[in-house]
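Participant: Just to be clear, the model below is a prediction. Sequence and coordinates:
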Amino acid sequence: MIPVFAHIGDEHGRRRSVARRTADAVGGAVRELLQNEDLAMGPGLMQSLDPRVRLTTVLALAVTASLVRSVWVLAAVFVATMVVAAASRVDVGAFVRRVWASAGLFAVLLAAPAATSWFTPGRALVTLGPLTITAPGLAIAVRLVARVAAGAGVGLLVVWTTRWTDIMRALTSWHVPDVVVAIFAMTQQQIVTLMRTVEGTHLARESRMLSEGSTAETRGWVVERMAFTARKSLKTADDVYDAMLARGYSGAWPSIVRLRTRGRDWLWLCGCAAFSAAVIGADKLVAR
């Protein structure tokens, strides 16, 4: 949620209202979703692989990253992910920013306590009042952040280069329960719908207001819109489910996507297995 007391100017230096700022942020998020869909349908290394193979890649490299102890080896895994991203026509700069802005920041918040003497005693590096950062604790924190970044990078790359319908079809082929697949599919669709609703609501307020109003009034309106969006999401879920039942939904999630494994898919899987083995072997050598 964008703070209602923030003052941000537009490209001409004028201050934008909270409604306009929120509408612009939501519109940008929707545009990004549509751009990801275009990217997933375009040419590239990951796009040419079977969706099941891509999901297998995520699982294999996530397990590999969890077994690695060396930060340098984990950094090499992340660099390899960047190379694959470039071969998949993904903007490497945007890819790195997204990984560190989401998973990286979350990992830092989780790992920060482990760097202190309260959780990991040892040689003190920095003392800030009652807070002391130890050498063993900092090593543990950095390793955890590197692991999360390496695993999240592969996951984000697969999501960016795979259509959501293909992911659902791959999960179905893995015999994931139909109710789980249906929840994933409907959640993605309804998120876009609700984002459009929020954008339209804020644009409507922007077009009908002569002044921005006081901070208290704006904050109250934002809270009211949040409650409205929550009520609408619940009603939409009921309406969609009733419509699905009326059209013969029986629990299965049908799909017209036909998956086929080709020779390059098997070659990619062999390459991933060899890469995982090489990473684990290099980690053992470095960790000696």
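Facilitator: Ah, there it is.
Participant: per-domain residue ranges of the protein.
Facilitator: Annotated domains of the chain cover 15-41+177-208+217-257, 45-160+261-288 [automatic domain parsing].
Participant: Highest mean neighbour count out of the ones you listed?
Facilitator: domain 45-160+261-288 (a mean of 17; mean count of other Cβ atoms under 10 Å). C-betas here are computed from N, CA, C, even on glycine.
Participant: What's the mean pLDDT across that one?
Facilitator: In this model, domain 45-160+261-288 carries a mean pLDDT of 87.
Participant: Assign Phe95 to helix, strand or coil.
Facilitator: Taking DSSP: H, G, I helix; E, B strand; the rest coil as the rule, one finds Phe95 in the helix state.
Participant: What of Val176?
Facilitator: coil.
Participant: Only alpha carbons, please: show stretch 67-87 as PDB.
Facilitator: What follows is stretch 67-87, C-alpha atoms only, in PDB (Å, rounded to 0.1, in the frame of the first residue of the first chain):
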ATOM      1  CA  LEU A  67      23.100 -28.600  -0.100                       C
ATOM      2  CA  VAL A  68      25.800 -26.000  -1.000                       C
ATOM      3  CA  ARG A  69      27.700 -24.400   1.800                       C
ATOM      4  CA  SER A  70      30.100 -22.100  -0.100                       C
ATOM      5  CA  VAL A  71      28.900 -18.600  -0.800                       C
ATOM      6  CA  TRP A  72      31.200 -18.400  -3.900                       C
ATOM      7  CA  VAL A  73      29.700 -21.600  -5.400                       C
ATOM      8  CA  LEU A  74      26.200 -20.200  -4.700                       C
ATOM      9  CA  ALA A  75      27.200 -16.900  -6.400                       C
ATOM     10  CA  ALA A  76      28.400 -19.000  -9.400                       C
ATOM     11  CA  VAL A  77      25.000 -20.700  -9.500                       C
ATOM     12  CA  PHE A  78      23.300 -17.300  -9.600                       C
ATOM     13  CA  VAL A  79      25.600 -16.100 -12.400                       C
ATOM     14  CA  ALA A  80      24.700 -19.200 -14.300                       C
ATOM     15  CA  THR A  81      21.000 -18.400 -13.900                       C
ATOM     16  CA  MET A  82      21.700 -14.900 -15.300                       C
ATOM     17  CA  VAL A  83      23.400 -16.500 -18.300                       C
ATOM     18  CA  VAL A  84      20.300 -18.700 -18.900                       C
ATOM     19  CA  ALA A  85      18.100 -15.600 -18.400                       C
ATOM     20  CA  ALA A  86      20.000 -13.800 -21.100                       C
ATOM     21  CA  ALA A  87      19.700 -16.800 -23.500                       C
END
